[in-house]
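Colleague: give the three-dimensional model of this entry:
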Amino acid sequence: MNSMKKESGFLSGIASGRYSHAYLVSCPDFGRAHRLVRRAAALLCFGNEDREPEEYSDFWEFDSGELGRQDVIRLKSELSLSTYTGTCRVIIIKSVHLLNETLQNALLKTLEEPPTNTVLLLTGVESNLLPTIRSRCTKIRIPPLDGDVLKNALCDMGANDQNTDILARACQGALDRAEAMLNDPASMELYFRAIDLLKSALDCYPSFDEAEKLCKDRADARLVVEFMLTFARDMLISKTDANLYLKPDGEASRYAKRFTIRGISGIIDVLVEADRRFLTNVRPQDTVNWMLIGIMRLSEEHRTEE
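Modeller: Next up is the predicted model:
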C-alpha cells in the first residue's frame, strides 16, 4: 500500500467513528506524520480535516523535545478532569521517541488506563520507543516517498543530479529532512563524515578522535548513527537483492561483498542499539566508542573470502 492510500485509510477510519484511544504514526518524514495527525485531530474535533484543531477547547499539542517530567505529571493530572466540551478530548504528542525512558514510562500509565473520550495521537520513530508503549497504540506506518518522486521534488527545489541521489539516500524518503539538508551545508558535511567514520570501523581501524569531534552533541550523535544506518542497510539490500525504493549505493555494495549477511545484520543491530542508548544518560561519545568497537569486532568475525 503506498503512502497516499495509507494516509487515506487512516483518516477514513477516524471519520467513520471507528478509532482507537491511542495511535502511533511513524513515517520517515516527520513533517508528513505531524501534518497527518493534525488532520486526524481536526476530524475528531470538528468532523472536518481542514479546520484548525487549536480552535477546539479540548485539543492539546505537545512537542516531546520540550517536555519534562513535570509536564508529563501535569498532563496526567489534567486528563483526570472532565472535558470542557463534554465530548472528545484530543492530544497530539509530537516526536514521542525523544522522551527518555523515565518519561516514556510516565506516559505509559496514561496509555494503560486511558481517560474516557480521550484520543492520543503520537508521532515518532517506532524502534526508539519502549515495547510497552508500542503495544498499547494502534500503529500507522507511512512508507517513504518513492525514490523518483523524492528526487523530482528535490530537483524542483534546486538540487543538482549528484545531490539528489545523496539526499534521497541520506534521508530515506523523508522530503522535509532532505530539504533541510539541501539548505544546510553543515548537515551534508556531517553525512559524509559519518559514512567515513563507519567505513573506518568496517576496515577495522575506527577513528575514535573523529568520533569525539562528531558526537559531542547528542543530537548530532544520533544523526551520525542514522546516516550510518542508511549505508549499512544499503549493504544488506545489496547482499540480499531486496527491491526497495532506491537502488543501493555503489560503495555500500562494494563493502557488502566483504561481509556475510549475518555480519551486516549484526552491524545494523549495533547501530540500532547505539541509537537506543542515546535515550539514556550515558555520554554520547561513550556510546559511539562502544558502537565503533562492536562494528570492528563484527567486521573481523564475519568477513567473507576476498
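
Colleague: and for Gln104, the neighbour number?
Modeller: The local packing of Gln104 (other CB atoms under 10 Å) involves 21 other residues. Every residue, glycine included, has its C-beta placed from N, CA and C.

Colleague: give the bridge partners for Phe259, please.
Modeller: Note on Phe259: beta-bridge partners Arg303, judged by DSSP bridges.

Colleague: that one: what's it in contact with?
Modeller: Counting by CB atoms under 8 Å, 6 or more residues apart in numbering, Phe259 touches Leu202, Met235, Lys239, Ile267, Ser299, His302, Arg303, Thr304.

Colleague: same question for Ala153.
Modeller: Counting by CB under 8 Å, 6+ apart, Ala153 touches Leu145, Leu175, Ala178.

Colleague: which stretches in the stretch 101-250 of the chain count as helices?
Modeller: For the stretch 101-250 of the chain, applying DSSP state H, counting those that start in this stretch gives helices covering 101-112, 131-135, 147-156, 161-171, 175-182, 185-202, 208-214, 218-240, 250-256.

Colleague: how about the CA coordinates for the third one, as PDB?
Modeller: By that I understand helix 147-156. Extracted C-alpha coordinates of helix 147-156, given in PDB (Å, rounded to 0.1, in the frame of the first residue of the first chain):
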ATOM      1  CA  GLY A 147      12.700   7.400  -4.900                       C
ATOM      2  CA  ASP A 148      11.800   9.000  -8.200                       C
ATOM      3  CA  VAL A 149       9.100  11.200  -6.600                       C
ATOM      4  CA  LEU A 150      11.600  12.400  -3.900                       C
ATOM      5  CA  LYS A 151      14.300  13.100  -6.500                       C
ATOM      6  CA  ASN A 152      11.900  15.100  -8.700                       C
ATOM      7  CA  ALA A 153      10.800  17.100  -5.700                       C
ATOM      8  CA  LEU A 154      14.400  17.900  -4.800                       C
ATOM      9  CA  CYS A 155      15.200  18.900  -8.400                       C
ATOM     10  CA  ASP A 156      12.300  21.300  -8.200                       C
END
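
Colleague: and the angle from it to helix 175-182?
Modeller: Using axes from the mean of the first three to the mean of the last three CA atoms, to 10 degrees, the direction of helix 147-156 lies 40 degrees away from that of helix 175-182.

Colleague: pLDDT of helix 147-156, averaged?
Modeller: Here helix 147-156 scores 78 as its mean pLDDT.

Colleague: what comes up buried for it?
Modeller: For helix 147-156, burial by neighbour count (16 or more other CB atoms under 10 Å) applies to Gly147, Val149, Leu150, Lys151, Ala153, Leu154.

Colleague: check the shortest one too.
Modeller: Burial within helix 131-135, assessed by neighbour count using 16+ other CB under 10 Å, is assigned to Ile133.

Colleague: just the CA coordinates for that helix, please, in PDB.
Modeller: Only the C-alpha atoms of helix 131-135 are listed here, as PDB (Å, rounded to 0.1, in the frame of the first residue of the first chain):
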ATOM      1  CA  PRO A 131       7.800  -2.100  23.600                       C
ATOM      2  CA  THR A 132       5.100  -1.400  26.200                       C
ATOM      3  CA  ILE A 133       4.400   2.000  24.600                       C
ATOM      4  CA  ARG A 134       4.200   0.400  21.100                       C
ATOM      5  CA  SER A 135       1.900  -2.400  22.200                       C
END
